[in-house]
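[1] have a look; sequence and predicted model below, questions after that.
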Amino acid sequence: MLSPERLQRLQRHAERLRQRPLRALCADSVRARDWSLSVGPLYFNYARQDLDDAAMAELIELAVISDVKAALRRQFDGEIVNVSEDRAVLHTALRSDVGEGDVARAARTQALAALARMRELAREVVDSDITDIVHVGIGGSDLGPRLLVNALRRPDARFRVHFIANVDAHEAQRVLAGLDPAHTAGVLVSKSFGTRETLLNGALLRDWLGATERLFAVSANLDRVADFGIPADRVLPIRDWVGGRFSLWSAVGFSALLALGGDVFDELLNGAALMDRHVADAEPAANMAVLHALLALWNRNARGTTSEAVIAYDQRLAQVPAYLQQLRMESLGKSVDRDGVPLPYATAPVTWGGAGSSTQHSFFQALHQGSERLPLEFIGVCRPDHDHLEQHAVLLANLLAQAEALANGQSSDDPQRHYPGGTPSSMLLLDSLTPEALGTLLALYEHSTAVLGHLWGVNAFDQWGVERGKVVASRLEPAVRGDAADDIDDPVTRALLQSFRRD
Ligand code: F6P
């Protein structure tokens, strides 16, 4: 865990390095080559991060002294690491045998059985006259499957898959317009089967379908699913040791399996398993997830930056920043440690981003000449799945150019045309966007998030912070519907409610 003394030393390194422009650090060709790592189809180059050997040694020592390897081993083996919910965290069991011991092996057996049941149910849907799948879920019950379908879907796919997440019924209205209920199936995904938005959208979909025979459910709460009216033979269970934001590898990914096919889903799992084994075996200094986490901690706690931006230079990965917002910020957005003791340092930065090259025409101005040097992570795909090779060359040239220009800057006597440089970035390159490469990439982010949680001493696997808003919303609902607002004690809310009621 990050001690005050270690934090102070890291901050002194950052202070020392302010005297050395990032451009000078990156001028070393040996560093340009050696500050990199490959795991299967994934290449990670961090040579443009704003630190030197001495600072990196300090970070590696933090990882070693914090015994991140032992922490990961406890997680992979199914110990109760999600202490506030008294649960194990075993999304790795959904795709690999990296866990040791009875608990992990039992989870792995359950996961393989669930996968077999997913494929069996998928075959039934494939053999039907269904053409469209409507996936209803929110948060981790939406973002992962949505990312997979957007990233990997093919035009000749057996099904068109659509997503409804927001309780704003404009989304459902738009999704359902033009679909034929007789040839549409619904997949209601909710681990708790208590999420109000999903239950409302599920009821809306059930009414629109006019029949429950084409409704499937994915949940850990089978009683609530039965109460909703979906029979057990159309329910895919998920276990409580799979956290929502870590669940796309489970039956939560059923819509993706339908959209992409079982073989693609298997390749995705295999890609994640590759990263699992690397993370379990590699020493901190050669461990991609540990290095990824240490660099995030360096930028956040030593350099004091407040956000991390992920720019995917492949439009098929445009969903990655939104997916990472939940994974990183719902996991790490805490201010007390696992025992409830307030933390003396900052934790989760704001995760944001978008797709390049489009974002070069939106927020890149601020990255080049704004008042903060915000750390970036670029994701690139070397080989395209189209034959417009000139356009792909332009895309990759922009990817490389932006990282270089933001790091090196360009001075000018004209202040309007002065580029300070100094923006640190990492580069993640995939050979091509295969299901395996995507699985490896997403597993990297999961493990980096778990390592960061360990280093910061937070429970990266619960999410109590999301409950407060739900309690207040349920209290306000009657007043918004027009009932008496006498018990609304917040004056601003009361004034806003009045504005809703303008005649
Ligand atoms: O945002 C809170 C949260 O519980 C997430 O962690 C979860 O992914 C999402 O809501 C949906 O929860 P459920 O799958 O239980 O509907």
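    Received the coordinates, thanks. Numbers count the residues shown, from 1 in each chain.
[2] and the strands in this protein?
    Taking DSSP state E as the criterion, the chain contains strands spanning 36-39, 42-45, 132-136, 160-164, 184-189, 215-219, 235-237, 307-313, 350-355, 376-383, 425-432.
[3] for the ligand, find the nearest of those.
    Ranking the strands of the chain by proximity to the ligand (C-beta to the nearest ligand atom) places strand 184-189 first, at 6.5 Å. Yep, even glycine has a C-beta here, placed from its N, CA and C like the rest.
[4] and the closest one, what does it pack onto?
    In terms of contacts (3 or more C-beta pairs under 8 Å, 6 or more residues apart in numbering; DSSP states H and E), strand 184-189 is packed against strand 132-136, helix 196-209, strand 215-219, helix 254-260.
[5] cutoff 6 Å now
    Using 3 or more C-beta pairs under 6 Å, 6 or more residues apart in numbering; DSSP states H and E as the contact test, the elements touching strand 184-189 are strand 132-136, helix 196-209, strand 215-219.
[6] contacting residues around the residue nearest to the spatial centre of the chain?
    Residue closest to the average C-alpha location in the chain (C-alpha atoms, centre = their mean): Leu324, at 2.9 Å. Contact partners of Leu324, counting by C-beta atoms under 6 Å, 6 or more residues apart in numbering, are Val310, Thr351.
[7] quick check: it vs Leu395, distance?
    Taking C-beta to C-beta, to the nearest Å as the measure, Leu324 falls 21 Å from Leu395.
[8] got it, and Asp276?
    Taking C-beta to C-beta, one finds Asp276 at 31 Å from Leu395.
[9] neighbour count winner among the two?
    Counted by other C-beta atoms under 10 Å, Asp276 and Leu395 do not tie: Asp276 has more neighbours, with 26 against 18.
[10] now do the contacts for the more buried one.
    Asp276 neighbours (C-beta under 6 Å, 6+ apart): Thr92, Ser96, Val98.
[11] try 8 Å this time
    Neighbour list for Asp276: Phe76, Thr92, Arg95, Ser96, Val98, Ala443, His447 [criterion: C-beta atoms under 8 Å, 6 or more residues apart in numbering].
[12] the closest residue to the ligand within the stretch 151-300 of the chain and Glu467, how far apart?
    Here the residue of the stretch 151-300 of the chain nearest the ligand is Gly244; by C-beta to the nearest ligand atom that distance is 2.5 Å. Distance, Gly244 to Glu467, by C-beta to C-beta: 14 Å.
[13] same thing with Arg6?
    For Arg6, the distance to Glu467 - C-beta to C-beta - is 33 Å.
[14] looking at the two now, which is surrounded by more residues?
    Arg6 (19 against 8).
[15] return the residues in contact with that one.
    Glu58, Leu62.
[16] contacting residues around Pro478?
    Pro478 makes contact with Ala484 under the criterion C-beta under 8 Å, 6+ apart.
[17] what do you get for Asn221?
    With C-beta under 8 Å, 6+ apart, Asn221 has these contacts: Ser190, Lys191, Ser192, Phe193, Gly194.
[18] rewinding a little: top of the contacts of Asp276 by neighbour count?
    When these are compared by neighbour count (other C-beta under 10 Å), Thr92 ends up highest, at 32 neighbours.
[19] isn't it right up against Val98?
    Yes - applying C-beta atoms under 8 Å, one finds Thr92 in contact with Val98, separated by 5.3 Å.
[20] spell out which residues are contacts of both of the two.
    Phe76, Asp276.
[21] in this protein, which segments are predicted with low confidence?
    Counting by pLDDT under 70, the chain shows low-confidence ranges at 502-503.
[22] from the ligand, how far out is Ala485?
    27 Å (C-beta to the nearest ligand atom, to the nearest Å).
[23] please report phi then psi for that residue.
    Main-chain dihedrals, Ala485, degrees, to the nearest 10: phi -110, psi 20.
[24] quick one: contacts for it?
    Contacts of Ala485 (C-beta under 8 Å, 6+ apart): Ala479, Arg494, Leu497.
[25] for burial, what's the neighbour tally of the second one?
    I take that to be Arg494. Residue crowding around Arg494 was assessed by other C-beta under 10 Å; the count is 13.
[26] the last one too?
    By other C-beta under 10 Å, 16 other residues sit near Leu497.
[27] isn't it up against Glu477?
    No - counting by C-beta under 8 Å, no contact exists between Leu497 and Glu477, whose distance comes to 11.4 Å.
[28] for the residue in the stretch 351-500 of the chain that the ligand sits nearest to, which non-adjacent residue is spatially closest?
    Proximity to the ligand, evaluated over the stretch 351-500 of the chain using C-beta to the nearest ligand atom, is greatest for Val466 at 4.0 Å. Nearest residue to Val466 in three dimensions, chain neighbours excluded: Glu330, at 7.4 Å (C-beta to C-beta, 6 or more residues apart in numbering).
[29] what's the answer for Leu428, then?
    Sequence neighbours aside, Ile379 is the residue nearest to Leu428 in space, at 4.8 Å (criterion: C-beta to C-beta, 6+ apart).
[30] and what of Asn166?
    Nearest non-adjacent residue to Asn166 (C-beta to C-beta, 6+ apart): Glu197, at 6.9 Å.
[31] any idea how far the one you found is from Gln75?
    From Glu197 to Gln75 the distance is 30 Å (C-beta to C-beta).
[32] cool, Val310 as well?
    24 Å.
[33] same question, Ala495
    48 Å.
[34] neighbour-wise, which of the two wins?
    Legend: neighbour count by other C-beta under 10 Å for Ala495 and Gln75, higher for Gln75 (26 against 10).
[35] for burial, what's the neighbour tally of Leu59?
    Look at Leu59: counted by other C-beta under 10 Å, it has 24 neighbours.
[36] tell me which residues touch it, please.
    Leu59 touches Leu10, Leu51, Leu294, Leu295, Leu297, Trp298, counting by C-beta under 8 Å, 6+ apart.
[37] my guess is the first one meets Trp298, correct?
    Yes - in this structure Leu10 lies within contact range of Trp298 using C-beta under 8 Å: 6.8 Å.
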